[in-house]
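Peer 1: This is a predicted model, with the sequence first.
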Amino acid sequence: MPEGFQDWSGRRFRNVDLSNTTWKETMLVNARFSGLITGLVVNDIEVAPLIDAEMSRRFPERAKLRPVDAAGVRGAWAVITDLWTASKARAAGLPEEALDRRLEADEWSWSENFRHLIMVTDGWISGTVLGRTGHFHPIGVPPSFLTDVPGIDVQASPTWAEVVVAREDRMAIVHHLVDDLADDDLARSCGEHTLHFCLLTVLDEEWHHNWYANRDLDRQ
């Protein structure tokens, strides 16, 4: 190997910020990446648009999840509702241990993915949009970079039935919000963001974590 060569083969990286880094003469054989990918250039080709195009080809419903008006938001939420309904029906035929099983130690289980979506609704909709306090459900699962979310019990181990109850309560909150939405509402300030930004964030989280849960369950 050339002088200064670093062999990182077989290592696993998590919660790493590689923004604005440059990698040259790098071996990416059988490497796997997941996360926020924007502006990544590999061999002079920007990768993110290619990934987005392929994901949209595989999952055409994603095109509806970038609404620009109130009617589009309602259509997008209908997509999410249908995905949740299908996932809930799938879970009904599976043993509880399958829903709680992690494919890998540092990855969420089926149940934890949907518990995270409970937390997402609590944070972005109940908190940021509606201005509520004490709004986090104890069984919600925060991302790893949030270590102390008030009201969340990190030791919670709910049944799937309990997850469904909390999840559907949160779904109803969003449904009520978007059902009465007007185009002008999207520009309303919600803390540091607009209502439109908050809704797009929730839609993105909803789709991805539904996908993660089903993808990983297929791999068990």
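Peer 2: Cool, the structure landed. If you're wondering where the values come from, they're calculated on a predicted model, not measured in any experiment.

Peer 1: can you give me the helices in the protein?
Peer 2: Assigned by DSSP state H, the chain shows helices spanning 48-58, 70-92, 96-100, 110-120, 160-179, 195-219.

Peer 1: got the angle for the first one vs helix 195-219?
Peer 2: If I follow you right, that is helix 48-58. 70 degrees (axes from the mean of the first three to the mean of the last three Cα atoms, to 10 degrees).

Peer 1: what sits up against helix 48-58?
Peer 2: Ile37, Thr38, Gly39, Leu40, Arg62, Ala63 (Cβ atoms under 8 Å, 6 or more residues apart in numbering). For the C-beta atoms, the positions are set from N, CA and C on the backbone; glycine is no exception.

Peer 1: do the last one as well
Peer 2: Counting contacts by Cβ under 8 Å, 6+ apart, the residues outside helix 195-219 that touch it are 59, 61-62, 65-67, 73, 76-77, 79-80, 83-84, 87, 90, 94, 98, 103, 107-110, 113-114, 116-117, 120-121, 124-125, 128-129, 174, 178, 185-190.

Peer 1: How about it, which residues are buried there?
Peer 2: 195-196, 198-203, 205-207, 209-214, 216-217 (16 or more other Cβ atoms under 10 Å).

Peer 1: In terms of mean pLDDT, which of the helices of the chain ranks lowest?
Peer 2: When those are ranked by mean pLDDT, helix 48-58 comes last with a mean of 87.

Peer 1: Just give me how far that helix sits from the chain centre.
Peer 2: Helix 48-58 sits 17 Å away from the centroid of its parent chain (Cα atoms, centre = their mean, to the nearest Å).

Peer 1: swap in stretch 177-191?
Peer 2: 22 Å.

Peer 1: for stretch 61-77, same thing?
Peer 2: Distance, centroid of stretch 61-77 to centroid of chain: 17 Å (Cα atoms, centre = their mean).

Peer 1: which of the residues in it are buried?
Peer 2: Neighbour count says stretch 61-77 has Arg62, Lys64, Leu65, Pro67, Ala70, Gly72, Val73, Ala76, Trp77 buried, by 16+ other Cβ under 10 Å.

Peer 1: got the contact list for the last one?
Peer 2: Right, Trp77. Shown in contact with Trp77 (Cβ under 8 Å, 6+ apart): Val174, His175, Val178, Leu203.

Peer 1: Setting the sequence-adjacent residues aside, check what's closest to the second one.
Peer 2: By the measure of Cβ to Cβ, 6 or more residues apart in numbering, the closest residue to His175 outside its immediate chain neighbours is Trp77, 6.7 Å from it.

Peer 1: Hmm, Ile118 is touching Gly140, no?
Peer 2: Yes. Judged on Cβ atoms under 8 Å, Ile118 makes contact with Gly140 at a distance of 4.5 Å.
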